[in-house]
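> Give me a 3D structure for the following:
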Amino acid sequence: MRNYRTFTDVEESYFHDHPEEIDDYLTIIFEEYAKDGDTGALLSSLRVLGRVKGITKIAAAAGMSRKGVQKALSEDGNPEFASINSIIHAMGYRLAPLKLDASVE
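Next up, the predicted model:
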């Protein structure tokens, strides 16, 4: 039986080879999340970036266990905001509000 690489494997390999693309990718995945609210897709994308940057390193920097990071970023995960904030910070980024075109007042 032939083994094929998954899209996630290809995506991870791409970011290993092109780390300069990660900044733009993060912007895109959060923009998509803002539009569609698909938490599973957001967590899946963050999981790919976590593997690229090193789950063990991220866990240590976030003050979490490796398993805790993996659970938080699983497609079925329901992480606390503080966990995602810690993980994003450990990846070298921060969450910041961006004003919408039509604000709610």
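> all contacts plus neighbour counts: C-alpha atoms, from now on.
Will do.
> and the host helix or strand of Lys67, what does it pack onto?
Element membership for Lys67, per DSSP states H and E: helix 66-72. Contacts defined by 3 or more CA pairs under 8 Å, 6 or more residues apart in numbering; DSSP states H and E place helix 66-72 against helix 55-62, helix 81-90.
> what about Ile84, how many neighbours?
Ile84 has 20 neighbouring residues, counting by other CA atoms under 10 Å.
> just checking, it touches Ser74?
No: taking contacts as CA atoms under 8 Å, Ile84 lies outside contact range of Ser74: 11.7 Å.
> How about Thr8, nearest residue that isn't a chain neighbour?
Computed as CA to CA, 6 or more residues apart in numbering, the closest residue to Thr8 that is not its neighbour in sequence is Val48, at 6.9 Å.
> Verify the contact between the one you found and Tyr14 for me.
No: contact criterion CA under 8 Å: Val48 and Tyr14 do not qualify, at 10.5 Å.
> higher neighbour count, those two?
The neighbour count for Val48 versus Tyr14, taken as other CA under 10 Å, is higher for Val48 (19 against 14).
> For Phe7, see how far away the more buried one is.
Using CA to CA, to the nearest Å, one obtains 10 Å as the distance from Val48 to Phe7.
> any idea of the angle the host helix or strand of Val48 forms with helix 81-90?
For Val48, the host element (DSSP H and E) is helix 39-53. On the basis of axes from the mean of the first three to the mean of the last three CA atoms, to 10 degrees, helix 39-53 is oriented at 30 degrees to helix 81-90.
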